[in-house]
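Asks: below are the sequence and a predicted model; questions follow.
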Amino acid sequence: MTYVVTDACIRCKFTDCVEVCPVDCFYEGENMLVINPNECIDCGVCEPECPAEAILPDTESGLEQWLELNAKYSAEWPNLTSKKDAPEDADDMKDEEGKFEKYFSAEPGEGD
């Protein structure tokens, strides 16, 4: 098992999860984070830290696409090991539906 970041993270990009991760398995895209499934130790400390509820265990049904997306982009995006400020409109974006289709960017973030 591993944890995955879903589309609820897009344009929220809160990094509370990064701050508590003991193995630094988060990677930063332009407008979301992903978890490297090969580095995640399944400790679960990140899940309750996410204000957008974007982190879920891959054992929940229907998360296959998110597992693939996390694996793909964690290999391409820079590692993020410390907390950053969320975007100014992050709270407004938290509950928006269909964020992947509207806003997803494959561009990398800055990382550390």
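Replies: Happy to help now that I have it. Worth saying up front: this structure is predicted, and the values here are computed from it rather than measured. Numbering: from 1, shown residues only.

Asks: now the strands: where do they sit in this structure?
Replies: Ranges of strands in the chain, per DSSP state E, are 3-5, 26-28, 33-35, 55-57.

Asks: out of these, which is closest to residue 110?
Replies: strand 26-28 (6.6 Å; Cβ to Cβ). For the C-beta atoms, the positions are set from N, CA and C on the backbone; glycine is no exception.

Asks: residue 15 contacts residue 81, correct?
Replies: No - with contact defined as Cβ atoms under 8 Å, residue 15 does not reach residue 81; the gap is 9.8 Å.

Asks: list residues touching both of these two?
Replies: residue 26 (Cβ atoms under 8 Å, 6 or more residues apart in numbering).

Asks: more neighbours: which of the two?
Replies: When neighbours are counted by other Cβ atoms under 10 Å, residue 15 and residue 81 differ, and residue 15 comes out ahead with 20 against 15.

Asks: just the pLDDT for the more buried one.
Replies: The per-residue pLDDT reported for residue 15 equals 97.

Asks: for residue 32, see how far away it is.
Replies: To residue 32, residue 15 is 11 Å away according to Cβ to Cβ, to the nearest Å.

Asks: before we move on, what about residue 63?
Replies: Distance check for residue 63 against residue 32: by Cβ to Cβ, it reads 15 Å.

Asks: who has more neighbours, those two?
Replies: Neighbour totals were compared for residue 63 and residue 32, and residue 32 leads with 27 against 17 (other Cβ under 10 Å).

Asks: quick one: contacts for that one?
Replies: Counting by Cβ under 8 Å, 6+ apart, residue 32 makes contact with 5, 7, 9, 10, 11, 12, 13, 54, 104, 105.

Asks: rerun that using 7 Å as the cut-off
Replies: 5, 9, 10, 13 (Cβ atoms under 7 Å, 6 or more residues apart in numbering).
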